[in-house]
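Peer 1: sequence unknown, structure follows:
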């Protein structure tokens, strides 16, 4: 039996979601973040560009503890106490990444966040700035939040 386009698309989407979950798990482990279960499915996603995943608290199991973002953006995380909805997660990272990129583009180290080496900052700063603008536009687009 031949797979339909819908079956293929569903299988590709499921594989991509699993890749994002794995990427987030590896990143949190590397960052030393204690956490509970990572959501089986993103709370918001646009395959293959962006996924926002909810992550259970380590301290209070069955409660949200963290959000993670991954895809064609830097993998990053923040506390649930800093944002309570995927749209707010996007706004948070848009602001944070815009700030970090402005330092990088000026050739100055950011006081809290380091990405790459100074010789790569012009390229990485530009890329981070474009990703921040993308998140800002997604967060501002009411049609995707209905």
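Peer 2: Nice, I can see it. None of these values were measured; they are calculated from a predicted model.

Peer 1: quick one: contacts for residue 39?
Peer 2: Neighbouring residues of residue 39 by C-beta atoms under 8 Å, 6 or more residues apart in numbering: 21, 53, 54, 55. Heads up, the C-betas are built off the backbone N, CA and C, glycines and all.

Peer 1: and residue 27, by the same measure?
Peer 2: Contacts of residue 27 (C-beta under 8 Å, 6+ apart): 68, 70, 75, 76, 77.

Peer 1: likewise for residue 126?
Peer 2: Taking C-beta under 8 Å, 6+ apart, one finds 101, 105 in contact with residue 126.

Peer 1: sorry, back to before: which of the contacts of residue 39 has the most neighbours?
Peer 2: Using other C-beta atoms under 10 Å as the neighbour criterion, residue 53 leads the contacts of residue 39 with 26 neighbours.

Peer 1: host element of it?
Peer 2: Residue 53 is part of strand 50-56 when elements are defined by DSSP states H and E.

Peer 1: report the mean per-residue pLDDT for that strand.
Peer 2: Across strand 50-56, pLDDT averages out at 97.

Peer 1: just checking, what packs against that strand?
Peer 2: Here strand 50-56 touches helix 5-31, strand 44-46, strand 64-71, helix 86-106, going by 3 or more C-beta pairs under 8 Å, 6 or more residues apart in numbering; DSSP states H and E.

Peer 1: how close does the residue nearest the centre of the chain sit to residue 81?
Peer 2: The residue lying closest to the centre of the chain (C-alpha atoms, centre = their mean) is residue 69, at 1.4 Å. The gap separating residue 69 from residue 81 is 16 Å, by C-beta to C-beta, to the nearest Å.

Peer 1: again, but for residue 73
Peer 2: Residue 73 is 22 Å from residue 81, where distance means C-beta to C-beta.

Peer 1: okay, those two: which has more neighbours?
Peer 2: Neighbour count, other C-beta under 10 Å: between residue 73 and residue 81, residue 73 has more, with 20 against 9.
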